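1. coords please:
(5 chains)
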Amino acid sequence: MTGLAVLAALALVIFFGLGLLRIHLGPTDADRILSIQLSGTTTVAILLLLSVIVDMPALLYVALIFVLFAAVIAIAFVRNPKGGA
Amino acid sequence: MTEWVPVLVVFVPFLAGVVQFMAGRRVIAWWPVLASVATVAVSLWLTFAVAAGGGIEHFMGGWQPPLGIALRADGLATVMILLTAVVGGLVSVYALEAHGTGDPRASHFWALWLMLWGSLNALFLSADLFNIYVTLELVTLAAIPLVLLAGPEKTVTAALRYLQFALFGSLLYLAGVALTYGLAGSLDLALVGPALTDGGITGAVAATCMVVGLLVKAAVFPFHVWLPAAHGGAPAAVSAILSALVVKAAVYLLLRLWTGPLAGLADGLVAQLMGALGAAAILYGSIQAFRQERLKLVVAYSTVAQLGYMLLFFPMAVAQAWEGAVYHGLSHGVAKAALFLAAGNVLVYLGHDRVRDLKGLDRSLSVSLLAFGIAGVSIMGLPPSGGFIAKWLLLRASLETGQWWWAVVLISGGLLAAAYIFRVLRYAFLQAPDRPPATTGPIPPPIMALPATLLALLAIALGFTAAPLLALLGGLPEGTG
Amino acid sequence: MTLPDPFALAAAALLALGFYGFVVQRHPLRRLLAINVFGNGVFMTLILVARWMPGGPDPIPHAMVLTGIVIAVSATAMGLALVRRDLRQGDGKDGGDRD
Amino acid sequence: MILFDGVLALLIVVLAWRCVTAGDLYLGIVVFIVMGLMLALSWARLDAPDLALAEAAIGAGLLGVLLLSTWRALPGHRRQDRDHPPARKAVRWLAGVASVAFGLVMAALLHALQPDEDAAGALALGRLTEAGVEQPVTAVLLNFRSYDTLLEMGVLLMALIGALLARTPLAPYGAATDDGTDSPLIPVLATTFTPLLLLVGAFLVWAGAYGPGGAFQGGAVLGGAGVVLVLCNRLQGAPEAGILLRLLLVLGVKVFILAGLLMLPLEGAFMAYPPGLTYPIMIAIEFCLATSIAVSLLLLFTGTHGVRVPER
Amino acid sequence: MSISAWLAALLIVAGTGFFFAGTMGLLRFPDVFSRLHALTKADNTGLGLVAAGVALLHQSWRHAALITVIWLLALAASSIACHLVARDALARGEQREEKP
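-> A predicted model of the protein is given here:
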């Protein structure tokens, strides 16, 4: 069973790498933030799998912190305190 | 009781700084005075305790190394703490006026300076490689905001560059510490030596990372690029503290590591290379100091040069070189603080510090200029002064070890120092003013002129007090050379 | 000849890339990024040292990394404030100086 | 698993490379944030869940938010390299060769490194029962090497003073002239995420005694709650700090020092906790530390002396 | 292998498939809005399936509850984030790409 989880984690980390291409290509800043968003979700999924693979429930808290901060990053992106770049 | 003193030396000023930050401007009239006096008092207590009973060791939390962190007040640490107390005490007197009730940022100045004072003492006492990293960062992160106190508009570029170099230097040092822990399984200075010596190439790389990191922090040529703008742009009291104490802290660590854990690795060629860096710093810094148009930059480049002398210890590594290098640290600290305070007074009075426009100041600023001249005597290394004793010891060491080329460097460095000091004095004293100088400020009150004078006189007095101080320092640590 | 730990290679690469970025880049914000990359290399080195200790992960390097992260983040945060100030200079307009 | 590790390590290296060489500064920042995610993953893989937590909260989370906000606050024409071009080609090549050599040396050394059997860490694990907490990292941070932790709080405080002296607040004092955060979802975010962040933060502080967590991770999450409020305009910068705020800022370092000094006459050493009282003292210190860390990080983010609730 | 293990395996595999779809969508779709669309669907479903699988494997109610919270928060974070990004992109005048 762990074998399958490892395979899934491996697949996810490879998708993660593919998703990075969008960060590289852009073209807009919004695309890049979207990539961060997908990276974040993928990371959370990998962390969940890792928590089973290495039997470390503490990693669930790491995943929790990630989802909590994911939204914060998005607001930091759209927030424009000086009213226009 | 005496085994508590190292703790008090760190935490009396540190806590005072924290309280100052919290209490803000309400206590500005009396709290800094109280804190400075208390800090000087505990520092003197430590000095007398070590002089009377030898080194003091304190295990933090009661945990002995390698598990815990030790504070060790040996001779070297104690003389540095004494230097900090003397320079810090007199600079504090100056700052009572310069950063007193009239300065809107006085509270920040005192909070940072008192915490910096405690951090410096912590750095000198630390006997743990990682704790040294933390204290290095403390010292840096206190020093950079202090530079900003001159007004963020003017100094931010210098402060930013200082921060970048300092951060990179300390992370490089930390990389060395990481490798060292991997080799030795310990961080205590007294315990990691054998593992580093036997560590082969890993030990050598670990040592290199730590030494290069500290060289960056010490602004040793060619890593000096951040120093002149930061030291030249800061407020006078801050420049004095940075030049006299803060950069010296990194050089102090080089001496401490080289004669301690790295002693087994010290290789002739590397030592000569360190000496060469020192020589390059002396020549380059002095020439640059001669070419500067602003008084504070002259003094700042002079710091680049003067730090080079302390590096001449490494190739010689005999008892006299050890005493000479440390004594140079002391006398330069006192003299350089005097120079910066005097230059600060010029700046207050004239509103600028262009060397060519110092004409006619000898009437109005006689005390400060006198201090500048007297401190200059020690920087040049003329007798009778602390600078002379230090250079004399280094000169004898170079002849004793048959490395005459360092003697050439020492003598030419002295001549170059004479050139840049006399250049300033010539403009200030010898050129008859056609009209009184255009001033923008008041003549600095005695409370700002006297600390500079006292520091300058101390630099001379160090020419007569070598015996007790060198006895307190103690000889070259065993296993070096 | 054992296969090298991929993370050891990554740590070395982070150190090298951080160094490269620090030397080559001139934009202050980029320099701060490079310094942080280097710092992450140091932290990874420490974590590897901790992991290789026989008898379980060594808590002392872990504590060192935690301290290091907090110091690096505080220093970077201060650096970012300085960058904001530095890059607004010389624009001749409001420098955010409303303090 | 070695494949997973390999891909992860490779991704980190590629990201670091893009981060330092990206043609566009914004791209560099985004890549840095993503690298934080990968680092947290690899630290989880390297048996360091504490550090994965810290990286998630501080390294990737708060630092990422701060980097993005700083980039946003820069004048448009200063966001690129025009005024700060990278070094000349010759320097680049030289630096490239030097860093490749440096990297190869470090890789070889790390490959050959054989840590000491009786390292200080083994001692720490062996004497855990004397430390008052079960979690080894917390035992090191708050007991065996508490002095480092105390000084580190000083670093945080001084970095804050430095940021304040630069006078470049990220959170404007007046009404926010904001075009991005007037969305109807923002109040939802503020009201659901803030309490959750507070709850999780407090939990992590408390959990530090038993498992992964602790004052820094918890404090950072608590600080993150404040940052959310600032980003949603529920809090704004204030030019002055009240005494309460300043008290909270220095609470950690002050309680730590005073407790330490108190132990000098009682136990004969700075911060030597009396047996039996170790656990309660450490938990108390931990909460004070977390409070100060949270407030410091919040103010480091806003860049202001204080914060206040805006008038409606 | 028990039924729950089989179920978990199935869920994880399905979740991974959704992540694949999401990543491909992010890479292949022509403009920011359609990419956004692909992303929110795929990653939320994918994460949900993986989370369910992992929760089954953990065999602990406490952990399962925590995993559910994580998933719900991820849903909230993702929808808020995508909404904000879309508004921002609209405000800046990003155009939908018309297929020729």
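2. For the residue nearest to the spatial centre of chain E, give me its contacts.
-> Centroid-nearest residue in chain E, with CA atoms, centre = their mean: E:Asp43, separated by 1.4 Å. Neighbouring residues of E:Asp43 by CB atoms under 8 Å, 6 or more residues apart in numbering or on different chains: A:37-38, A:41-42, E:18-19, E:22, E:78. The C-beta positions use only the backbone N, C-alpha and C, and glycine is treated the same way.
3. how about 10 Å then?
-> Applying CB atoms under 10 Å, 6 or more residues apart in numbering or on different chains to E:Asp43 gives the contacts A:19, A:37-42, A:44-45, E:15, E:18-19, E:21-23, E:25-26, E:74-75, E:78, E:82.
4. what's the answer for B:Ser119, then?
-> B:Ser119 makes contacts with B:10, B:13-14, B:17, B:112, B:134-143, B:246, B:249, D:151, D:154-155, D:158, as judged by CB under 10 Å, 6+ apart.
5. and the nearest residue to B:Ile287 once chain neighbours are set aside, what element?
-> Leaving aside its sequence neighbours, B:Ile287 sits nearest to B:Leu416 (CB to CB, 6 or more residues apart in numbering or on different chains; 6.7 Å). Element membership of B:Leu416 [criterion: DSSP states H and E] is helix B:404-425.
6. How many residues are close by the nearest residue to B:Gly233 once chain neighbours are set aside?
-> Excluding its sequence neighbours, the residue lying closest to B:Gly233 (CB to CB, 6+ apart) is B:Thr155, at 4.2 Å. Neighbourhood size, B:Thr155 [other CB atoms under 10 Å in any protein chain shown]: 26.
7. Which SSE is immediately downstream of the one helix or strand B:Thr155 maps to?
-> Taking DSSP H and E as the definition, B:Thr155 sits inside helix B:152-184. Next in sequence after helix B:152-184, counting helices and strands by DSSP H and E, comes helix B:189-198.
8. anything in the host helix or strand of A:Val72 near chain D?
-> Using DSSP H and E, A:Val72 falls within helix A:59-78. Yes: Helix A:59-78 lies within reach of chain D by CB under 10 Å from any CB of the partner chain, at A:59-78.
9. how much space is there between the residue nearest to B:Gly233 and D:Ala171?
-> 24 Å (CB to CB, to the nearest Å).
10. ok and the residue in chain A nearest chain E?
-> Using CB to the nearest CB, the single residue of chain A nearest to chain E is A:Ala74, 3.4 Å away.
11. residues in contact with that residue?
-> A:Ala74 sits in contact with A:33-34, A:36-37, A:40, D:65, D:68, D:189, D:231, E:77-78, E:80-85, E:88, where contact means CB under 10 Å, 6+ apart.
12. any weak-confidence spans in chain B?
-> B:431-436, B:479-481 (pLDDT under 70).
13. What residue in chain E comes nearest to chain B?
-> Closest approach between chain E and chain B, counting by CB to the nearest CB: E:Asp88, at 30.2 Å.
14. picking up where we left off before, pLDDT score for the residue nearest to the centre of chain E?
-> pLDDT recorded at E:Asp43 is 80.
15. that older thread, of the contacts of E:Asp43, which belong to helices?
-> Among the contacts of E:Asp43, the ones falling in helices (DSSP state H) are A:19, A:37-42, A:44-45, E:15, E:18-19, E:21-23, E:25-26, E:74-75, E:78, E:82.
16. Need phi/psi at D:Thr278.
-> Main-chain torsions, D:Thr278, degrees, to the nearest 10: phi -60, psi -50.
17. Near it, how many other residues are there?
-> D:Thr278 sits with 18 neighbouring residues when counted by other CB under 10 Å.
18. List the contacts of the nearest residue to it once chain neighbours are set aside.
-> Using CB to CB, 6+ apart and skipping the chain neighbours, the partner closest in space to D:Thr278 is D:Gly132 (3.2 Å). Counting by CB under 10 Å, 6+ apart, D:Gly132 makes contact with D:138-139, D:142-143, D:209, D:273, D:275-283.
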